[in-house]
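Q: Any chance you can model this:
(chains A, B and C)
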Amino acid sequence: MNIRYSSDRWLPKLVLSPTLAASLVFVYGFILITVALSFTESRLLPNWEWAGVERYAELFDNDRFWVSAKNLAIFGTLFIGISLVVGLVIAILLDQKIRGEGFLRAIYLYPMALSFIVTGNAWKWLLNPGLGLERIVQQWGWTSFTFDWLVNPDRAIYTVVIAGVWQSSGFAMALFLAGLRGVDSEIIKAAKVDGASLPTIYRRIIIPSLRPVFFSVTLILAHIAIKSFDLVMALTGGGPGTASDVPAIFMYQFSFTRGQLGVGAASAVMMLMTIVAVMVPLMYAEARSGRER
Amino acid sequence: MNRAGRFLLYAALVSTAFYALAPMWVMLSTSLKTLDEIREGSLIAAPHAPTIEPWLKAWGTACSGVRCEGLKPFFLNSLLMTIPAVLISTLVGALNGYALTHWRFRGSDFLFTALLVGCFIPFQVVLLPMARLLGAVGISDSVFGLIFVHVVYGLAFTTLFFRNYYIGVPGELVKAARVDGAGFFTIFQRILLPISGPIFMVCVIWQFTQIWNDFLFGVVFAGSDSQPVTVALNNLVRTSTGVKEYNVDMAAAIIAALPTLLVYIVAGKYFVRGLTAGAVKG
Amino acid sequence: MASLGIHNIRKIYPNGVEVLKGINLDIADGEFLILVGGSGCGKSTLLNMIAGLEPVTEGEITIGGKRVNDLPPKDRDIAMVFQSYALYPSMSVRQNIAFGLSLRKVPKAEQEATIARVAKLLQIEPLLDRKPAQLSGGQRQRVAMGRALAREPQIFLFDEPLSNLDAKLRVEMRSEIKLLHKRLGITTVYVTHDQIEAMTLGDKIAVMKDGVVQQFGTPDEIYNRPVNTFVAGFMGSPPMNLIPATLAINDGKLCAEVTVGPTGSKRVHLPLFGFDTSTLDTLTSTGSSVLLGLRPEHLTDTGRSNGMTANLTVPVDLAEPTGADTLIFITLGGARCIARLHPTAVAGRDEVELVVDTSAAVVFDRHTQEAIAFARV
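A: Below is the predicted model of the structure:
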């Protein structure tokens, strides 16, 4: 093992070392610093005086934090659920030897190329209570139609779901379609020979075999949902008031505009915990079913 | 399937396509209308007398915050930030992927797993220390700071892309080159690079889209002069000088989206491959 | 050109797995060494270590008497042909051949001359400007050989170079490699799992299993005097029959007592010719049970008798005509055995009379599986 015969021995390690160092400092190190900050007296400036769990107590006492957590739960569940269903349905429809499939696929997927800021602004305009969707329906003859979700505190978070689903269901579709194309065609032939109808084949054979795709799509959508910041900023700005606040906005405002570094850090740690809490069971379940297969 | 079923199938697909396209159509038509027409006409109707006034204003004179120079300076900021960040992170990722697959050493698999964590963390958890660091080094409020941040947090993804691609390149190719007398960099340059075209496309497009569309780092780390276009767009839309100019807002939104849309239209195949590859993490 | 020495070579991976457990092989300048064995026996690892592609855990490798353990591949003056050919996909055939030369800063004119010489030797002149993707499997193989030949190395290394070719091409390339070696006389190490390649190509064969060389010798030694049942079973197709038998003295002659047929009710005594009886005395006195190793061609029909034989009538379980010969499956000593007969000797019979050439037999210990006696000394 103690061969040192050329630069090729250490060059690969040298090449990797800046990335390793960056990861150690800027990912692992910074996470530790943030965790540490969340246990200090920091307000406007970092203050390394130990404060125990005071910041967390403050965080959990804050109604706004709970609003944002509830909003994240609503947004996350609906956004992931609807994107999964819409994506899967379109993928199955597209899988029926459709003429112009490539063209349609390109149309479904283009929103993914847009910034959430752009998407948010587009939907803000579409859902504008005075001039948007509401007025079109009224112009079509349904004069009593109202659609004021964007300015309705009880409904604002659902507009975020609408825009989010619009942007991401094409992505789910693309992954599901790739999964559908990967199903062994001989299994489908065998099922046909056994006399199974097309819906049965999808329900009993194809969709169950897409398990790993469900896993990756859910993982990524959950990730997008928990980090969601720009979409909400652009669409509702967290409003009306704080009605559509999400943890990412809470974290941003407490850390950078309200001068509450400690609380901001605590909320960031909570976000990390949420991702860990979602990812670890998902990945564990997937790894276990992977062994069973 | 019978004809009626077929018809329903196409009807469903085409109406979904309309749903996908509708917001873009409304943005585009709104951006070409006068404010009067917006107030009186229909949201989805095509403009009667198209005008490019809103576009010119959005590009050159609209106010974003206190600056009334349109999106132009910020669009340039985004270019200055995105291009170097994409190139650096892609190149380093390529070398990392190459070293991790064809020059494995004890612990290299563990190292890769450790790097992957960077793909999963919510960036909120690193914002505070990074803001302090950039301030201390003196590159906060500058494009350099943004380039640095995007490179650092893009490396996990670019390394993943190249690692997954290079793992499919037969190890015998590298062995043959070593017997022929080539070293680490020669093999990378002469053997691996010439066959890496597709993965470079995927990686560059992915990084370009991510960095161009980023808002969080932009809004936290950029100063008023180094803002990327996404942040400027958000400010522009929020800056009201009396009348709300929806046509200018929409023109600005399309301008901010144009580069990534263009990439999508020109190289959609690689874009999709990037999404799918990014999805199969680890 | 150079001799090659492999002394007490061990390879232990960081996870503790020991894939080579002390290998010793020496071949002279110009010899053709075959490393043969099943998958996982360590033969490719050993080849990679000779090439310098894997570090040596323990032991010493010498090329031309000079220790090369610490030399990188490029300084060992070797050339290697890989199983997948490993042609650089982005380069033309010409560039593939010239790559190693250009890295060694060989002058352009000399490179051209080398390419021309190699291309002519391997008849790949019309392919020089093609990319690997445009070549057939056989053509790729030739180019891979050409790339190795261009370097005029001290040692050639081949890692299962023919296993990706179809059967016909494989036979063709096999003889071509043999011709090239004869013409150029370059020391060669050749890894294969194919015992026919091993027999036809090698000057020396090392049969490996589980990181240990089971036997190292000439093809003739390996084939006729296998040191244990593994080597006996690995080399030869169909493999050597291993017949459970008991040694005994019958009519003053050394005999092997064997049951015949599926039921095993019949017993015969096969006289063993040409054995040095003294070495077997101790065994026979205790009526020791052994395995009698006999190749299929030594269990044959009466037409092929050479005098040093015993005759035997056995029931035929199954006959498999292969064209030139017919193989019959019979039961001897309770074990399934194969005999090689002339087709006319079998046709339509339930029983055949076999001639057993016991002077070619090998006696193995039934417990240790090691050879304990050979007939031809």
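
Q: mind listing what C:Ile243 touches?
A: With contacts defined as Cβ atoms under 8 Å, 6 or more residues apart in numbering or on different chains, the neighbours of C:Ile243 are C:Ala256, C:Val258, C:Leu291, C:Leu292, C:Gly293, C:Leu294, C:Leu332, C:Gly333, C:Ala335, C:Cys337. Where you see a C-beta, it was placed from the backbone N, CA and C, and this is true even at glycine.

Q: Check the secondary structure at it for me.
A: strand (DSSP: H, G, I helix; E, B strand; the rest coil).

Q: now the helices: where do they sit in chain B?
A: When secondary structure is read from DSSP state H, chain B shows helices at B:3-31, B:35-40, B:53-56, B:72-102, B:108-120, B:124-137, B:143-166, B:171-179, B:184-187, B:197-213, B:216-221, B:229-238, B:246-266, B:268-279.

Q: thinking again about what came up before, so which of the contacts of C:Ile243 belong to strands?
A: C:Ala256, C:Val258, C:Leu291, C:Leu292, C:Gly293, C:Leu294, C:Leu332, C:Ala335, C:Cys337 (DSSP state E).

Q: Can you tell me who the nearest residue to the first one once chain neighbours are set aside pairs with across the strands?
A: Distances taken as Cβ to Cβ, 6 or more residues apart in numbering or on different chains place C:Ala245 nearest to C:Ala256, at 4.1 Å, with adjacent residues excluded. C:Ala245 has these beta-bridge partners by DSSP bridges: C:Val290.

Q: Secondary structure element for C:Val19, which one?
A: Using DSSP states H and E, C:Val19 falls within strand C:18-27.

Q: Do me a favour and average the pLDDT over that strand.
A: Strand C:18-27 shows a mean pLDDT of 94.

Q: cool, and stretch C:112-122?
A: According to the model, stretch C:112-122 has a mean pLDDT of 92.

Q: Contacts for it next, please.
A: In this structure, residues lying in contact with stretch C:112-122 by Cβ under 8 Å, 6+ apart are C:94, C:97-98, C:101, C:106, C:124-125, C:127-128, C:142-143, C:145-146, C:149-150, C:180.

Q: Mark which of these are part of helices, please.
A: Taking DSSP H as the definition of helices, these contribute C:Arg94, C:Ile97, C:Ala98, C:Leu101, C:Arg142, C:Val143, C:Met145, C:Gly146, C:Leu149, C:Leu180.

Q: Among these, which one lies nearest to chain A?
A: Using Cβ to the nearest Cβ, C:Leu101 is the member of the ones in helices among the contacts of stretch C:112-122 that sits closest to chain A, with 20.1 Å.

Q: give me the element the closest residue to the closest one other than its chain neighbours is part of.
A: Nearest-residue entry for C:Leu101: C:Gln111, 4.8 Å, with adjacent residues in sequence omitted and distances by Cβ to Cβ, 6+ apart. When elements are defined using DSSP H and E, C:Gln111 is found to belong to helix C:108-122.

Q: Only the buried residues of that helix, if you could.
A: Judged by neighbour count (16 or more other Cβ atoms under 10 Å in any protein chain shown), helix C:108-122 contains these buried residues: C:Gln111, C:Thr114, C:Ile115, C:Val118, C:Ala119, C:Leu121, C:Leu122.

Q: before we move on, back to that, I'd like the ones in strands among the contacts of C:Ile243 as CSV, with neighbour count appended.
A: As requested, the ones in strands among the contacts of C:Ile243 are arranged in CSV below (neighbours: other Cβ atoms under 10 Å in any protein chain shown):
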residue, neighbour count
C:Ala256, 27
C:Val258, 23
C:Leu291, 25
C:Leu292, 27
C:Gly293, 24
C:Leu294, 26
C:Leu332, 27
C:Ala335, 16
C:Cys337, 23
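
Q: Columns pLDDT and distance to C:Pro321 on top of these, output as TSV?
A: Compiled in TSV, the ones in strands among the contacts of C:Ile243 are given as follows (pLDDT from 0 to 100; distance: Cβ to Cβ, whole Å):
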residue	pLDDT	distance to C:Pro321
C:Ala256	86	29
C:Val258	90	26
C:Leu291	91	28
C:Leu292	91	26
C:Gly293	92	25
C:Leu294	92	21
C:Leu332	92	21
C:Ala335	91	23
C:Cys337	93	18
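
Q: How about the residues of the stretch 151-300 of chain C by chain B?
A: Residues of the stretch 151-300 of chain C lying close to chain B by Cβ under 8 Å from any Cβ of the partner chain are C:Arg151, C:Leu157, C:Asp159.

Q: Which of those scores worst on pLDDT?
A: On pLDDT alone, C:Arg151 ranks lowest of those, at 83.

Q: need the contact list for that one.
A: Residues touching C:Arg151, when contacts are defined by Cβ under 8 Å, 6+ apart, comprise B:Asp180, C:Asp77, C:Ala79, C:Gly100, C:Leu101.

Q: Of all residues in the chain, which one is nearest the centre?
A: Reading this off chain A. For chain A, the residue whose C-alpha lies nearest the mean C-alpha position (Cα atoms, centre = their mean) is A:Ile224; its distance is 2.0 Å.

Q: Sorry, I should have been clearer: chain B.
A: For chain B, by Cα atoms, centre = their mean, the most central residue is B:Thr209; offset 1.4 Å.

Q: picking that back up, on the pLDDT front, check the residue nearest to the centre of chain A for me.
A: Confidence per residue is given as pLDDT, and for A:Ile224 that number is 86.

Q: Just the element for it, please.
A: helix A:211-227.

Q: Now the element after that helix, going C-ward?
A: Taking DSSP H and E as the definition, the helix or strand right after helix A:211-227 is helix A:230-235.
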